[in-house]
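Asker: sequence unavailable; structure follows:
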């Protein structure tokens, strides 16, 4: 039954996909291919769409597969299944967390994790910028794009200036809107 | 406005603007939940990121569930998570019907090219903000630097190593240094 398959398949994706969107892609691919829901080519398209639309790739992928395989109900079931493990695990952790937070060993572990996560986030940001500028074609072959390099540099300057000027804090949402407008002007 | 509705609409707004994966959203969550709404503190923000990173599932969902649950228990968690998912669900559902035509539109493609450049900057800035707030010891600084350099090397040379392994190594390092330090202190005390 397709509904049950969708539920179990995406429950698996949601449960095993650790460590952010990019780390999750290989696992999503494995599940989606094994059920024969998508071809490798369609997966690439959906990753591109996911990157260009709001929302986590995992959730986007579930909605897309559910919708194309079994309509509205299918997309609801697949999306629900992919989110469920994360939801339940966080609630479970929050019950345990209160007791754990005072434990010295746990604090030491958390300290190590905190420092690591900062490095991981920074590296992801730097790598995404690097890939966008030096591998501008989606084929993965080296292709330096001077227009994108200048565009990125201009955005960095704009971002720093905006943050200095606005003392009350500067919402990233405005920055995204501004960059979309600038993108239309520069690339269209 | 009831807190349940406020959670729903706040995360709906965050969900609508979460381009480029979980890390991009961290800067938006930080601004909304810490600076503006004061739902969680700076420390909690970092802890939440750590929990989100070390548990399965999309980071955006982990964060929404965490903040929602903290504010209003189970139903708060449901409201925040639903709000977070709804925009992308509706958008992808519509796109699934017109995927091929969608990417052909020059106008759309150009806007997304601009957004792609912005996302990297936002992510780096989120990390810088967290780094400034981190308690800086030799250990924490070393772990951050190692994680940054190693992950960058993995990414650039397309080595398929999950960041989960870096997290596990960092946890072990944190715990070992603490235990060794404690054992030494214990020795001096006698």
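Answerer: That came through, no problem. Here the structure is a predicted model, which is why all the values come from computation and not from measurement.
Asker: for burial, what's the neighbour tally of whatever residue of chain B ends up closest to chain A?
Answerer: Ranked by Cβ to the nearest Cβ, the top residue of chain B for proximity to chain A is residue B:114, at 1.8 Å. To be clear about C-beta, it is placed using only N, CA and C from the backbone, and glycine gets the same treatment. Neighbour count for residue B:114, taken as other Cβ atoms under 10 Å in any protein chain shown: 25.
Asker: for it, give me its contacts.
Answerer: If you count contacts by Cβ atoms under 8 Å, 6 or more residues apart in numbering or on different chains, residue B:114 has them with A:151, A:179-184, A:186-187.
Asker: want to throw these into TSV with distance to residue B:14, neighbour count and pLDDT?
Answerer: Listed next are those as TSV, based on distance: Cβ to Cβ, whole Å; neighbours: other Cβ atoms under 10 Å in any protein chain shown; pLDDT from 0 to 100:
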residue	distance to residue B:14	neighbour count	pLDDT
A:151	26	23	91
A:179	18	29	87
A:180	17	18	85
A:181	21	13	90
A:182	22	21	92
A:183	22	23	88
A:184	24	18	89
A:186	27	17	89
A:187	27	17	84
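Asker: contacts with chain B among these, please.
Answerer: Among the contacts of residue B:114, the ones lying near chain B by Cβ under 8 Å from any Cβ of the partner chain are A:151, A:179-184, A:186-187.
Asker: the residue of chain B closest to chain A is in what secondary structure piece?
Answerer: Element membership for residue B:114 (DSSP states H and E) is helix B:106-133.
Asker: mean confidence score for that helix?
Answerer: For helix B:106-133, the mean pLDDT works out to 81.
Asker: which positions within it qualify as buried?
Answerer: For helix B:106-133, burial by neighbour count (16 or more other Cβ atoms under 10 Å in any protein chain shown) applies to B:109-127, B:129-131.
Asker: with the contacts of residue B:114 in mind, which one is nearest to residue A:160?
Answerer: residue A:179 (14.2 Å; Cβ to Cβ).
Asker: quick check: closest non-adjacent residue to the closest one.
Answerer: residue B:118 (3.4 Å; Cβ to Cβ, 6 or more residues apart in numbering or on different chains).
Asker: surely the one you found meets residue A:177?
Answerer: No: at 9.4 Å, residue B:118 does not count as touching residue A:177 under the criterion of Cβ atoms under 8 Å.
Asker: tell me the domain ranges of the chain?
Answerer: Defaulting to chain A. Using automatic domain parsing, the domain ranges for chain A come out as A:2-100, A:104-187.
Asker: wrong one, I was asking about chain B
Answerer: According to automatic domain parsing, the ranges for chain B are B:1-134, B:135-190.
Asker: tell me which of those lies nearest to residue A:69.
Answerer: Of all these, domain B:1-134 comes closest under Cβ to Cβ, at 10.0 Å.
Asker: check the offset of the closest one from the chain's centre.
Answerer: A distance of 8 Å separates the centroid of the chain from that of domain B:1-134, by Cα atoms, centre = their mean, to the nearest Å.
Asker: what about the residue lying closest to residue A:3 once chain neighbours are set aside, neighbour count?
Answerer: Setting aside the residues directly before and after it, residue A:3 is nearest to residue A:77 in space (Cβ to Cβ, 6+ apart), at 5.5 Å. Residue A:77 is flanked by 20 other residues according to other Cβ under 10 Å.
Asker: residues contacting residue A:77?
Answerer: Taking Cβ under 8 Å, 6+ apart, one finds A:3, A:6-7, A:66, A:70 in contact with residue A:77.
Asker: considering these, which possesses the most neighbours?
Answerer: Using other Cβ under 10 Å as the neighbour criterion, residue A:66 leads the contacts of residue A:77 with 32 neighbours.
Asker: secondary structure element for it?
Answerer: Residue A:66 belongs to helix A:57-100 when assigned by DSSP H and E.
Asker: chain center to that helix: distance?
Answerer: Computed by Cα atoms, centre = their mean, the chain-centroid distance of helix A:57-100 equals 14 Å.
Asker: do stretch A:50-65 as well
Answerer: 8 Å.
Asker: any buried residues in that stretch, and which?
Answerer: Going by neighbour count (16+ other Cβ under 10 Å), the buried part of stretch A:50-65 is A:50-65.
Asker: fine by me, we can end here.
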